[in-house]
Structures are given as structure tokens and as C-alpha cells.
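**Q** please find the sequence and the predicted model below.
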Amino acid sequence: MTRKEKATAIAGILDELYPEVPIPLDHQDPYTLLVAVILSAQCTDVRVNQVTPLLFERADTPYAMLELSVEEIEEIIRPCGLAPSKAKGIYNTSRILVDEYGGQVPDQFEDLHKLPSVGRKTANVVLSQAFGVPAFPVDTHIHRLAYRWGLSNGKNPDKTEQDLTKVFPREDWNKLHLQIIYFGREYCPARGHDPATCPICSKYGVKRRMK
DNA sequence: CTCCCGATAT
DNA sequence: ATATCAGGAG
């Protein structure tokens, strides 16, 4: 069985389990999604969704965000962790959006990736979920499952992104990213993972020692 | 590679 | 007590 054939089989299982894939981070537009994704680093989406209403009540546009101080932003987002760097990132990103993009979130990867606190994963989420552009964001969950399933050698998230975009059809990337996240939470978690009870690992999981 | 860091599951 | 959570920067 080739890697591509395995990918096709896995996509079939995911489609059956998750025909609908709602976006887990609450948002209203590209800007609020971008902010929510920055906050989601090393934090559950549930907690991000608890914090963003408080933040967006104060500021839901880059212009309004600049009316707040970095310290004020920091105080609101503290429960998400890594608050000092995330607050600076949100503020400085808003500054650039206002100064260089007319207050709009750019829809090109290179422009997004240049923004402070926006790496490959965040830029790809915004492209995928705010603009509907095919992209395959690779976070720790995608990285972990791709390794367990033998779809990538697990060296780093960038390599995993290369491998996954090769074996899955472009038009399915956006959906698959979310399906894999939901599946990982329910059947294939990072802690307390039992390959025997995972419907995909039990059939297609690599023999290598699981991470 | 290390550090950033609050809350929760194990 | 320790690992982990929709990572990114130095």
C-alpha cells in the first residue's frame, strides 16, 4: 500500500466520522480570526473562545486595537498563557495592518507570514479559513498524527506539510486539516494514547514506536 | 534548541 | 509532579 493509497483510505474514514467541519475558533471576519489564531498557540480553543469575546468587545478591528495599550491587551488575554508576547504580536500586527494594508488582512501567504507572531501555521489557517484558499496548516496535532499514520517521517512541521500536501488532493486540504484535529482529540490524543482503540492507528498505524 | 506561560488532564 | 494545549521568535 503506497502512502497515497493510505491517505485516500484515511480521508474516507475522516469523511464518514466528520462530514461537517465547523471552525473551532469563534470569529467574525479575517481580522478577528487572525487574532484568535495568534492566541491559540499552546492553548486550547475553548479557552481562546472564552477570552476573545472580552477582547473583541474592546477592539474588533486593527484600528480599535491600537487604541488599547499592550498592557491592556495583555491583561485581557492572560488566561491564554504566553500573554506578553501574544499581546505585543497582536498590537504590532495591528499597527502594520493599519499602516501598510489599509486595515485589511492580506490574503497572500508571504504578506501574512511577515507579520509578527504569524508563522506558517497561523498564516495557513487564515488563508484556509478566512479566504478559502487551499492550505494545510500543520500544528502539533497534525504533526503527531501524520507521524503515527506513517504519512510523514515526523522530522518537523514544515516537512510534514510538504508530505501531506503531496498525498492529499488540494481541494480537500482545508477540510482535512480540521477533520484531523477533531479526530485527534477524540480518538488519537497526545496523552494516554492507545493505538488499539484508534480506528486509524489500529489499521494503518506504523509499527514504529508511537510518539 | 530554548524560552515564552496559564490552565487542565493524567 | 508532569505533560500538553490549533506556535513563534531569538
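**A** That came through, no problem.
**Q** max-length helix in chain A?
**A** When chain A is parsed with DSSP state H, its longest helix is helix A:83-101.
**Q** buried residues in the helix or strand that it is followed by?
**A** Downstream of helix A:83-101, the first helix or strand assigned by DSSP states H and E is helix A:109-114. Neighbour counts over helix A:109-114 (16 or more other CB atoms under 10 Å) mark A:L112 as buried. C-betas here are computed from N, CA, C, even on glycine.
**Q** after helix A:109-114, next one along is what?
**A** Note on helix A:109-114: by DSSP H and E, the next helix or strand toward the C-terminus is helix A:120-131.
**Q** between that following helix and helix A:83-101, how many degrees?
**A** Relative orientation of helix A:120-131 and helix A:83-101, computed by axes from the mean of the first three to the mean of the last three CA atoms, to 10 degrees: 50 degrees.
**Q** near DNA strand B at all, helix A:120-131?
**A** No: for helix A:120-131, no contact with DNA strand B is found by CB under 7 Å from any atom of the strand; the gap never falls below 13.2 Å.
**Q** average pLDDT for the next helix-or-strand element following that helix?
**A** Counting by DSSP H and E, the next helix or strand C-terminal to helix A:120-131 is helix A:140-148. For helix A:140-148, mean pLDDT rounds to 97.
**Q** related to what we said a few turns ago, buried residues of the longest helix of chain A, list them for me.
**A** Judged by neighbour count using 16+ other CB under 10 Å, the buried positions of helix A:83-101 are A:A83, A:K86, A:A87, A:G89, A:I90, A:Y91, A:T93, A:S94, A:L97, A:V98.
**Q** distance from the chain centre to that helix, please.
**A** Distance of helix A:83-101 from its chain centroid, counting by CA atoms, centre = their mean, to the nearest Å, is 19 Å.
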